[in-house]
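Q: Quick one: sequence plus predicted model below, questions after.
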Amino acid sequence: MIKTVQWIGDTNGYAKLVEQTLLPNTFEYIDIKTPQEMYHAIKTLQVRGAPAIGVAAAYGVVVGLNNVNDNDNVDIALSNITETVNYLSASRPTAVNLFWALNRMQKKAQQATCNNALEIKQLLLTEANDICSEDIEMSKAMGRHGAPLIKPNDGVLTHCNAGGLATAGYGTALAVLFTAHNNGTPFFAYVDETRPLLQGARITSWELKEAGIDVTLNCDNMAAHMMKIGKINLVITGADRIAANGDAANKIGTYALAILAQHHQIPFYIAAPSSTFDLSLATGDEIPIEERDRSEITQPDENGRVWAPEGINVFNPAFDVTPSSLITGIITELGMIDHPTTEAVANHFQS
C-alpha cells in the first residue's frame, strides 16, 4: 500500500506527500514543512482526492505549530491554529473533507485542557495520525461492502482518480476494485482519461496496472459508445462532497456518465466515506463548484504548447453535481445507501 500522506519525526517534524503531478513518469515524495507549502500542495494538486486532502490538511495544522515554541502558553498555540485553519481553508472550495478535518483539529485543540504549546502539539499530532488511520480503515470497509457488486467478467468503468492516491492509502471507488481483485473475481477495468488534467490516465490507470488488474484506458467521450456495445456493466466513482439528499459532487464529467449509465440501464455507484457527506446542505445545488485556471485547458503540458487561440474565453469548472435520482447506491464505510434520498441518507447514519 502506498502511503499518500505521512508524518515524519516528532511534534516538530514534517509531512511527506506523494507528488502526484509528476505521475506516472516519476514517483517521488515532497516534504511539507510550512502551512504555505501545504496550501501550495493542495491548490496545485500535488495532493488531491477529497480524503487525502483532509488528511494532508490535518497535518498542515501540526506543521503550522512549528512556528510556536514548546514552552509558549496555550493561547499562543490556539491563535496559531486558528490562523492556519483559516489559511488552509481557502486552498480549495469543493472537497468537504478539507473543512471536516480542519474543523476537527481546531475543535480538538479548543476543547483540550493543556498546560503549554507542547501538549497542544502532541495532542494534535495524535489527532492527525488518527484521521490518517481512520481514513485507511474506512477505505478498506468500503472495499468490503462494494466488492460483491462486481460480478465475474464485468466491465467496470471509473472516472478521475479515487484510488489509494486520493486517500491516505487504499481508495474509495478503487478500494472496491482492489478488494474484488484480491478476492479472485475476474473483471475488466476501464478508466476515463478525465480531462483536462488526465487524473484517470496519469494516476488511476497506473494504480490499477500496478495492482495487476486488467485495465484499459479510454477517452472521456468514448464512454457512451462503450456502454452501447456492451463493454460496461457497472460504473463506480468517488465523490468530493455529498449533500443530505445524496446529490454528489465529483470530478467534472461524472454527471454525464450518470446520465449515460441511466440511458443504458447500467448501475451507477459512488463510494465515499462519511467524512465526504455535508449534511448541512439540503441538495447539491448548494455545493460550491471550484473553477480553475484557464491554462489547464489552453496550455496543458509543461512544454508550454498552446492548444487554443490566444485570448479565447475558457470555462473550467473542476466538478459537477450528479443528482441522487441518477445514483443506484452510495457505498460508505457503514454499508450501502440504496437509491439515496434525504430519508435514506439520514437513516444510514442514524443506524
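A: Everything's here; your move.
Q: and Phe188, which of the three is it?
A: strand (DSSP: H, G, I helix; E, B strand; the rest coil).
Q: Which pLDDT value goes with it?
A: The confidence metric pLDDT takes the value 98 at Phe188.
Q: partners of it in the sheet?
A: According to DSSP bridges, the residues that bridge with Phe188 are Gly155.
Q: Run a quick neighbour tally on Tyr29.
A: Per other Cβ atoms under 10 Å, the neighbour tally for Tyr29 reads 15. Yep, even glycine has a C-beta here, placed from its N, CA and C like the rest.
Q: actually Ile53, sorry about that
A: Residues lying near Ile53 (other Cβ under 10 Å) number 29.
Q: now it: how far from Ala271?
A: Here Ile53 is placed at a distance of 17 Å from Ala271 (Cβ to Cβ, to the nearest Å).
Q: what do you get for Lys209?
A: As for Lys209, its distance to Ala271 is 20 Å (criterion: Cβ to Cβ).
Q: quick one, which of the two is more surrounded?
A: Ala271 (30 against 15).
Q: buried set for the longest helix along the chain?
A: Criterion DSSP state H: the longest helix present in the chain is helix 117-146. Buried residues in helix 117-146, counted by 16 or more other Cβ atoms under 10 Å: 117-121, 123-125, 127-129, 131-132, 134-136, 138-143, 145-146.
Q: Just want the phi and psi numbers for the closest residue to Thr237 other than its chain neighbours.
A: Nearest residue to Thr237 in three dimensions, chain neighbours excluded: His159, at 4.9 Å (Cβ to Cβ, 6 or more residues apart in numbering). Main-chain torsions, His159, degrees, to the nearest 10: phi -130, psi 140.
Q: what residues are up against His159?
A: Neighbouring residues of His159 by Cβ atoms under 8 Å, 6 or more residues apart in numbering: 192, 194, 200, 220, 235, 237, 250-251, 253-254, 257.
Q: in the stretch 201-350 of the chain, which spans are strands?
A: Remark: strands assigned in the stretch 201-350 of the chain by DSSP state E, counting those that start in this stretch are 215-218, 234-237, 241-243, 248-251, 268-271, 277-278, 319-322, 329-332, 335-338.
Q: how close does the residue nearest to Thr237 get to Ile270?
A: Between His159 and Ile270 the computed distance is 10 Å (Cβ to Cβ).
Q: Overlap of the contact sets of the two?
A: 237, 250.
Q: Burial check on the nearest residue to Asn73 once chain neighbours are set aside, number of neighbours?
A: Distances taken as Cβ to Cβ, 6+ apart place Asn116 nearest to Asn73, at 6.5 Å, with adjacent residues excluded. Asn116 has 16 neighbours, counted by other Cβ under 10 Å.
Q: Before we move on, what's the pLDDT of Met1?
A: In the predicted model, Met1 carries a pLDDT score of 68.
Q: ugh, typo on my part, it should be Met222
A: pLDDT recorded at Met222 is 98.
Q: how much space between it and Phe319?
A: According to Cβ to Cβ, Met222 stands 21 Å off from Phe319.
Q: Ok, Asn245 next?
A: Distance of Asn245 to Phe319, computed by Cβ to Cβ: 17 Å.
Q: Who has more neighbours out of those two?
A: Taking other Cβ under 10 Å, Asn245 and Phe319 do not tie; Phe319 has more neighbours (25 against 22).
Q: my guess is the more buried one meets Val96, correct?
A: No: at 11.5 Å, Phe319 does not count as touching Val96 under the criterion of Cβ atoms under 8 Å.
Q: which residues do the two both contact?
A: Shared contacts of Phe319 and Val96, defined by Cβ under 8 Å, 6+ apart, comprise Asp240.
Q: Could you pull up the mean pLDDT of stretch 16-24?
A: Average pLDDT, stretch 16-24: 93.
Q: Okay, buried residues for it please.
A: For stretch 16-24, by 16+ other Cβ under 10 Å, it's 16-21, 23.
Q: Now do the contacts for the residue lying farthest from the centre of the chain.
A: Here the chain reaches farthest from its C-alpha mean at Asn71, the gap being 36.6 Å by Cα atoms, centre = their mean. Going by Cβ under 8 Å, 6+ apart, Asn71 touches 116-118.
Q: now swap in Pro273 and tell me
A: By Cβ under 8 Å, 6+ apart, the residues touching Pro273 are 51, 97, 135, 138-139, 142, 172, 332-333.
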